[in-house]
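Peer 1: Take this sequence and fold it.
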Amino acid sequence: MVISAPPDVIRLLSDPLRARIAEFLAEGPACTCHLVEELGATQSNISNHLRALREAGLVATEPRGRFTYYRLLPEPLEAAAGHLTTLAARARDTSDTRQEC
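Peer 2: Residues are numbered from 1 along each chain as shown. A predicted model of the protein is given here:
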């Protein structure tokens with residue numbers, strides 16, 4: 001499954017733990033053990049969220065020995081931010097117009 005639309009990225013990151021994982025990975029690549037230690041969630045829970053983020057194209061994996069490191073990818077986040085910026089501009093531009101009933 002590849003999530004391509006910015007609203008889907010926004011929906012995916014609306015989960016609090018996924019958002020915290022993304023924030024942690026924004027500081028640099030990390031493996032599951034780092035995330036478990038930092039976030040206090042179980043390894044299986046972190047792994048499930050990482051799988052969703054990877055399948056969505058938000059993180060990339062890099063094997064290092066017996067560990068897999070996860071790296072946050074900026075491009076999908078930039079696309080989602082652009083979508084929100086465009087949406088905000090449209091709302092600002094049309095805030096005084098009303099549709100007739």
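
Peer 1: Show the low-confidence segments of the protein, by residue range.
Peer 2: Scanning the chain with the threshold set as pLDDT under 70 gives 1-5, 7.

Peer 1: Quick check: buried residues in the lengthiest helix in the chain?
Peer 2: Scanning the chain for the longest helix, with DSSP state H as the assignment, gives helix 74-93. Buried residues in helix 74-93, defined by neighbour count with 16 or more other Cβ atoms under 10 Å: 76, 77, 80. C-betas here are computed from N, CA, C, even on glycine.

Peer 1: got it, and stretch 29-41?
Peer 2: Residues of stretch 29-41 classed as buried by neighbour count (16+ other Cβ under 10 Å): 29, 30, 31, 32, 34, 35, 36, 39, 41.

Peer 1: Run through the strands of the chain in chain order.
Peer 2: Applying DSSP state E to the chain gives strands spanning 30-31, 59-64, 67-72.

Peer 1: export the ones you listed to JSON lines and tack on distance to residue 45?
Peer 2: Shown next, in JSON lines, are the strands of the chain (distance: least, Cβ to Cβ, whole Å):
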{"stretch": "strand 30-31", "distance to residue 45": "15"}
{"stretch": "strand 59-64", "distance to residue 45": "16"}
{"stretch": "strand 67-72", "distance to residue 45": "14"}
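
Peer 1: Go through those and name the closest to residue 50.
Peer 2: Each of these has some distance to residue 50 by Cβ to Cβ; the shortest is strand 67-72, at 5.7 Å.

Peer 1: Please compute how far the closest one lies from its chain's middle.
Peer 2: 14 Å (Cα atoms, centre = their mean, to the nearest Å).

Peer 1: again with stretch 43-51
Peer 2: With Cα atoms, centre = their mean as the basis, stretch 43-51 stands 14 Å off its chain's centre.

Peer 1: which residues sit against that stretch?
Peer 2: 15, 17, 18, 21, 32, 33, 35, 36, 39, 59, 70 (Cβ atoms under 8 Å, 6 or more residues apart in numbering).

Peer 1: And it, what's buried?
Peer 2: For stretch 43-51, the neighbour count (16+ other Cβ under 10 Å) marks 46, 49, 50 as buried.

Peer 1: Centre-most residue in the chain?
Peer 2: residue 13 (4.5 Å; Cα atoms, centre = their mean).
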